[in-house]
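1. From the sequence below, what's the structure:
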Amino acid sequence: MSTVKSIPEGVQAVFPMLVCRNPAAEMSFCADAFGAVEQVRRPGPDGSAIHIAMRIHGAFLVVQAEFPDAVASRAPASDGSSPVVIFVYVPDVDQAVDRAVAAGARVATLPSSGLRRSNVAPLPACVRSPLMSIEMVFMSCLL
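-> Predicted coordinates for the structure are as follows:
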């Protein structure tokens, strides 16, 4: 009798799945901007990617195409609003923003070296992917 694992090896029990209109484009952006490494890609009937699992600095996440009829999932509104934001600690916020912009991101807020909150310094910066599906907030931590 074979043993069935409830959680795949190397995957945490809870992880984000971000619904978008073009998973392949989002994967490409995440690789260029954040150093994401693709783990799994599943094609749809037409051969285009409908599901891509990746790792960003060891964290596991999935981008997936919309399936409004099968799973109640829709991509964020085209104005860039989304109820989902991913926070990423990075050693250099300015460098992370520059890399994301070079990969096509739109800057929502720039980092601020003014008022400091808890152990976050400087204040975070927020960028959105070119297709407005992924919003990332970059932070550094005070030691």
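2. so what secondary structure elements neighbour the helix or strand bottoming out on mean pLDDT in the chain?
-> The least trusted helix or strand in the chain, going by mean pLDDT, DSSP states H and E, turns out to be strand 135-139, with a mean of 75. Contact here means 3 or more Cβ pairs under 8 Å, 6 or more residues apart in numbering; DSSP states H and E; on that basis strand 135-139 packs against strand 86-89, helix 93-102, strand 125-128. Bear in mind the C-beta positions are built from the backbone N, C-alpha and C, glycine included.
3. Heading C-terminal from the second one, find the next helix or strand.
-> By that I understand helix 93-102. Next along the chain after helix 93-102, taking DSSP states H and E as the criterion, comes strand 106-109.
4. ok, back up a step: counting neighbours, show which residues of the least confident helix or strand of the chain come out buried.
-> Glu135, Met136, Val137, Phe138, Met139 (16 or more other Cβ atoms under 10 Å).
5. Equivalent analysis for stretch 40-55, please.
-> For stretch 40-55, by 16+ other Cβ under 10 Å, it's Ala49, Ile50, His51, Ile52, Ala53, Met54, Arg55.
6. can you list these in TSV and add pLDDT and distance to Ala36?
-> As requested, those are exported to TSV (pLDDT from 0 to 100; distance: Cβ to Cβ, whole Å):
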residue	pLDDT	distance to Ala36
Ala49	95	14
Ile50	92	18
His51	93	15
Ile52	96	9
Ala53	94	10
Met54	94	4
Arg55	93	7
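7. Deepest in the core, which of the helices and strands packed on strand 135-139 is it.
-> Per residue and on average, the most neighbours among the helices and strands packed on strand 135-139 fall to strand 125-128, with a mean of 21 (mean count of other Cβ atoms under 10 Å).
8. can you dump the C-alpha coordinates of the helix or strand harbouring Ala24 into CSV?
-> Ala24 belongs to helix 23-34 when assigned by DSSP H and E. Only the C-alpha atoms of helix 23-34 are listed here, as CSV (Å, rounded to 0.1, in the frame of the first residue of the first chain):
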residue,chain,number,x,y,z
PRO,A,23,0.4,33.5,-15.1
ALA,A,24,3.4,33.2,-17.5
ALA,A,25,3.8,37.0,-17.7
GLU,A,26,3.6,37.3,-13.9
MET,A,27,6.2,34.5,-13.5
SER,A,28,8.5,36.3,-15.8
PHE,A,29,8.1,39.5,-13.9
CYS,A,30,8.6,37.8,-10.6
ALA,A,31,11.8,36.1,-11.9
ASP,A,32,13.2,39.4,-13.2
ALA,A,33,12.1,41.6,-10.3
PHE,A,34,12.4,39.3,-7.3
